[in-house]
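In: My questions are about this predicted structure, shown below with the sequence.
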Amino acid sequence: MSESNSLSGVGVFGLLGITLVVLKLCDVIDWSWWWVTAPFWGSVCLGVLVFLIGLIFITLNERRKC
């Protein structure tokens, strides 16, 4: 008996991105494609930001130990 704990499905950023692309293609919104696709690359940017904050925290913590 094996259990799999994998996550599947579309996240909030993916759902928002798909919605904005559909609205752009149907001429409902007149936004730049940069803003329409922002939710797709926005999640990557959020992940990088969290990583950098963690890296800064670890670096400051190591300097306090010296």
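Out: That came in fine, so what should we check first?
In: List the buried residues for the longest helix that the chain contains?
Out: Longest helix in the chain, counting residues (DSSP state H): helix 38-65. Of the residues in helix 38-65, Ala38, Pro39, Ser43 count as buried by neighbour count, 16 or more other C-beta atoms under 10 Å. The C-beta positions use only the backbone N, C-alpha and C, and glycine is treated the same way.
In: quick one: average confidence on that helix?
Out: Helix 38-65 carries an average pLDDT of 91.
In: Return the distance of that helix from the chain's centre.
Out: 13 Å (C-alpha atoms, centre = their mean, to the nearest Å).
In: what helices or strands is that helix leaning on?
Out: Where contact means 3 or more C-beta pairs under 8 Å, 6 or more residues apart in numbering; DSSP states H and E, helix 38-65 is packed against helix 12-25.
In: same for the next helix or strand after the helix it packs on, what does it pack against?
Out: With elements assigned by DSSP states H and E, the helix or strand that comes after helix 12-25 is helix 33-36. Applying 3+ C-beta pairs under 8 Å, 6+ apart, we find helix 33-36 packed against helix 12-25.
In: Please compute how far the helix it packs on lies from its chain's middle.
Out: Distance of helix 12-25 from the chain centroid (C-alpha atoms, centre = their mean) equals 14 Å.
In: and it, C-alpha only, in PDB?
Out: C-alpha atoms of helix 12-25 as PDB (Å, rounded to 0.1, in the frame of the first residue of the first chain):
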ATOM      1  CA  VAL A  12      -4.200  30.800  -7.900                       C
ATOM      2  CA  PHE A  13      -1.600  32.400 -10.200                       C
ATOM      3  CA  GLY A  14      -2.300  29.900 -13.000                       C
ATOM      4  CA  LEU A  15      -6.000  30.500 -12.800                       C
ATOM      5  CA  LEU A  16      -5.600  34.300 -12.800                       C
ATOM      6  CA  GLY A  17      -3.200  34.000 -15.700                       C
ATOM      7  CA  ILE A  18      -5.500  31.900 -17.800                       C
ATOM      8  CA  THR A  19      -8.400  34.300 -17.000                       C
ATOM      9  CA  LEU A  20      -6.400  37.400 -18.100                       C
ATOM     10  CA  VAL A  21      -5.200  35.700 -21.300                       C
ATOM     11  CA  VAL A  22      -8.800  34.800 -22.200                       C
ATOM     12  CA  LEU A  23     -10.000  38.400 -21.500                       C
ATOM     13  CA  LYS A  24      -7.100  39.800 -23.600                       C
ATOM     14  CA  LEU A  25      -7.900  37.500 -26.500                       C
END
